[in-house]
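K.L.:
heads up, no residue letters with this:
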């Protein structure tokens, strides 16, 4: 049974429709990536799934339950957590405080200490900087805090919006290695990514969006070589 | 120009002229006095509409031109015995010159900053005049009663002033109409809607705004000259009374900004309402409250104003009510 | 050569938005400008049409140096532009909107002649039925067409189209592309910024690719879409991905 299913989702902003009958599925324990050119609807899809944007049609099913109309914080309680684009950290708070905020859901609060220890083993640099103001960290470190904050919520499904944005290739490699570690621990993840090559390299399954629809889907290794991916991005 | 063959243009002027002549025909002096005041408000409101309604620049301190025209004209009449019509015209030019010089600086500002700057200008000019000896300083200037002999006596002067005000009102309305229906007016309204997009379309906003501000200063100035000529006395306070231009704004909003008839309707309705409230036993104590509440309702629910709303709702109205 | 952009750079404080961009557009062609988000495409348009003055470099339109001239000057010389986020003159009718374009554009027409031109252009873009509507009441596709009509009414020689297809459904995209082709048939040179790749690649004669404010490729659509630097800009660096895979499989 898949943990997250999106069926025929339609959504947009005001009069402008962005998503046209989008369907996708996340397999339990796998890392699925969602790529596509600008304006293809990647971020809109994430917002519609988490509930930050109300879908016009279609539904979102999480662990068998219809969660289409449920609010974002309730979904977080259920274990569907988003690491947003541009991190959206609490820059005036310390690293530790940000992580505390991440553990808002009830189940997360109960296991706060253990989760924190686990997160620190995964991302040791954060333990060193736990009392530092988040706004003073580097771009790559801030991205780590964002991921850690997401993990503190004890997610069943963790979604990432544009992790690599603004980061150097080396940093991107480091971050994606963290994702692989999470995968070995069985976490189901959805990665929305600008950097197609990296996204295909790290994920198991991939969806290529074009104009608010799924253009190509398949196992990442197979999608990687596809001429059609280049065509989806470059038009001809 | 096409406007001159437009029937609603002449119709409007004829209607206003006819109504204005009623007190004369009936020989009713107190009615004439009321009409005098209302015509003056129509001129103030229409001029405010030229800069605010067409261009979107809200001139809170527009009364400065009324005072400037009044003072310059009064000075010329008092000191050099100029005929009031000539003095008034020079007063108009003086105010336009002031608008031209200040406009270049002040019209660069947008929105609230422009509005505040116009208030600043009014207060600065008032302050200047209060300390300017040739203009009588804080005491102001006053006519010797014999001043009116040249016009056949004070009563006659009052009548002449009335005719002058009627003519000025008709000219102001005509100019407002001509601007609105011209290419120039279209450019102004374009600036009001989106100044940056207008530039891309080929409009030079700076030049057009200054021209409009200059034109909009001319008419209130002459109105001020006529008013104070009839009054026989001019002081800094009443000449540069800020709340008068705020009231003019209310009239424009009430009647409908960006239209020709709106300011006229707004001036008449506002003035009638105000005098009704003031003289009515029940409301006299809180007439301002009611006026304020009325303005709030208009802005919230009918921001296009009375005429504006009619024009939006009924396409037929749009054809003859500009 | 109708437009020549020579070594144009634009800085905003510490940000280098355009870096020595050089391109030339020939009369009558459809010239596409593509590039990832934030590449500087709209900044380039703003610099060409006078909204920004370049920090360095020159811009020549029809042989004359027009660097630093304000937008209304360029409009009078025959350079028109549409906006990515449409800017209708809301409280004016559709017809009045287009009349403004005809009045103040290259031909600087008096009001009556301008209204006639406006009617012709409205017919051309298919908005005649809505000529009396307030511009603010149109839907997205209609607003985009109004934006185009207003630019066309100025009878331009060169028109800059900034993402005219954004926000349109497939049907509306097709209709808009027909209008773009008609514009070209009228002899107007077109430079278009587009994200809708299949559209711009199929329509353009030549394509220019920007990334981080600098040119990374130029050529026919075929050449550009197979250019390794362009592929890398859009899909990411394949070498980095390879390194990652090798690192993690060990």
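P.N.:
Now that the structure is in, tell me what you want to look at. Note that the structure is predicted; figures quoted are calculated from it, not measured.
K.L.:
State the number of residues packed around residue C:223.
P.N.:
Counted with other CB atoms under 10 Å in any protein chain shown, the neighbours of residue C:223 add up to 13. (Each C-beta comes from the backbone N, C-alpha and C, glycine too.)
K.L.:
Check it and give its pLDDT.
P.N.:
Here, the pLDDT recorded for residue C:223 equals 93.
K.L.:
and the top helix by length along chain A, which residues are buried?
P.N.:
Identified as the longest helix of chain A according to DSSP state H is helix A:169-184. Across helix A:169-184, burial judged by 16 or more other CB atoms under 10 Å in any protein chain shown covers A:169, A:171, A:172, A:173, A:174, A:175, A:176, A:178, A:179, A:182, A:183.
K.L.:
Check which helices and strands it sits against.
P.N.:
Contact analysis of helix A:169-184 by 3 or more CB pairs under 8 Å, 6 or more residues apart in numbering or on different chains; DSSP states H and E lists helix A:112-122, helix A:139-152, strand A:188-193, helix A:196-202, helix C:238-249 as its packing neighbours.
K.L.:
Pick out the residue nearest the middle of chain C.
P.N.:
The residue lying closest to the centre of chain C (CA atoms, centre = their mean) is residue C:161, at 2.6 Å.
K.L.:
pretty sure it contacts residue C:83?
P.N.:
No - applying CB atoms under 8 Å as the test, residue C:161 and residue C:83 come out as separate, 9.8 Å apart.
K.L.:
Skip the chain neighbours and tell me the closest residue to residue 161.
P.N.:
Since no chain was named, I'll use chain A. The shortest distance from residue A:161 to any residue that is not its chain neighbour, by CB to CB, 6 or more residues apart in numbering or on different chains, is 4.0 Å, and that residue is residue A:85.
K.L.:
look at chain C instead
P.N.:
Taking CB to CB, 6+ apart, and ignoring the residues beside it in sequence, residue C:161 has residue C:192 as its nearest neighbour in space, at 4.2 Å.
K.L.:
Now that the one you found has come up, it's in contact with residue C:200, right?
P.N.:
Yes - the pair residue C:192 / residue C:200 is scored as a contact, 6.2 Å apart, by CB under 8 Å.
K.L.:
circling back to that earlier point, of the helices and strands packed on helix A:169-184, which is nearest residue A:4?
P.N.:
strand A:188-193 (7.1 Å; CB to CB).
K.L.:
and that closest one, what's its mean pLDDT?
P.N.:
Across strand A:188-193, pLDDT averages out at 94.
K.L.:
for that strand, packing partners?
P.N.:
In this structure, strand A:188-193 packs against strand A:16-26, strand A:31-36, helix A:42-50, strand A:157-161, helix A:169-184, helix A:196-202, with contacts taken as 3+ CB pairs under 8 Å, 6+ apart.
K.L.:
In chain A, what residue comes closest to chain C?
P.N.:
Residue nearest to chain C within chain A: residue A:235 (3.0 Å; CB to the nearest CB).
K.L.:
distance of that residue from residue B:67?
P.N.:
Taking CB to CB, to the nearest Å as the criterion, residue A:235 is separated from residue B:67 by 66 Å.
K.L.:
And the two? Which one has more around it.
P.N.:
Regarding residue A:235 and residue B:67, a neighbour count based on other CB under 10 Å identifies residue B:67 as having more, with 28 against 23.
K.L.:
if I pick the more buried one, what's in contact with it?
P.N.:
Residue B:67 makes contact with B:122, B:125, B:126, B:129, B:224, B:236, B:239, B:240 under the criterion CB atoms under 8 Å, 6 or more residues apart in numbering or on different chains.
K.L.:
Am I right that the fourth one sits in a helix?
P.N.:
Yes - looking at residue B:129 with DSSP: H, G, I helix; E, B strand; the rest coil, it is inside a helix.
K.L.:
Hmm, it is touching residue B:139, no?
P.N.:
No - taking CB under 8 Å as the contact criterion, residue B:129 and residue B:139 are not neighbours in contact, 11.2 Å apart.
K.L.:
Now residue A:208: phi and psi?
P.N.:
Phi and psi for residue A:208, reported as degrees, to the nearest 10, are phi -110, psi 120.
K.L.:
burial of whichever residue of chain A sits closest to chain B, as a residue count?
P.N.:
For chain A, the residue closest to chain B is residue A:14, as judged by CB to the nearest CB, at 19.1 Å. As a burial measure, residue A:14 scores 7 neighbours (other CB under 10 Å).
K.L.:
Give me the pLDDT value at it.
P.N.:
81.
K.L.:
same deal with residue B:174?
P.N.:
94.
K.L.:
So, low pLDDT: which residues of chain A?
P.N.:
In the predicted model of chain A, residues A:1-2 satisfy pLDDT under 70.
K.L.:
Output the set of residues of it in proximity to chain C.
P.N.:
For chain A, the residues in contact with chain C under the definition CB under 8 Å from any CB of the partner chain are A:15-17, A:37-39, A:169, A:172-173, A:176-177, A:180, A:194-202, A:211, A:229-231, A:233-236.
K.L.:
Any idea how many residues pack against residue A:27?
P.N.:
The local packing of residue A:27 (other CB under 10 Å) involves 14 other residues.
K.L.:
So which bits of stretch A:57-68 are buried?
P.N.:
A:58, A:60, A:61, A:62, A:63, A:67, A:68.
K.L.:
Next one: the first one from residue A:50, what distance?
P.N.:
Think residue A:58. Here the criterion is CB to CB. By it, residue A:58 lies 15 Å from residue A:50.
K.L.:
Please apply the same query to residue A:149.
P.N.:
Following CB to CB, the distance that separates residue A:149 from residue A:50 is 15 Å.
K.L.:
of the two, who's got more company?
P.N.:
Neighbour tally, residue A:149 and residue A:50, criterion other CB under 10 Å: the higher count belongs to residue A:149, 25 against 22.
K.L.:
With the flanking residues excluded, which residue is spatially nearest to the more buried one?
P.N.:
Per CB to CB, 6+ apart, closest to residue A:149 is residue A:102, 3.5 Å.
K.L.:
need the contact list for that neighbour.
P.N.:
Contacts of residue A:102 were listed using CB under 8 Å, 6+ apart, and they are A:108, A:148, A:149, A:150, A:151, A:152, A:153.
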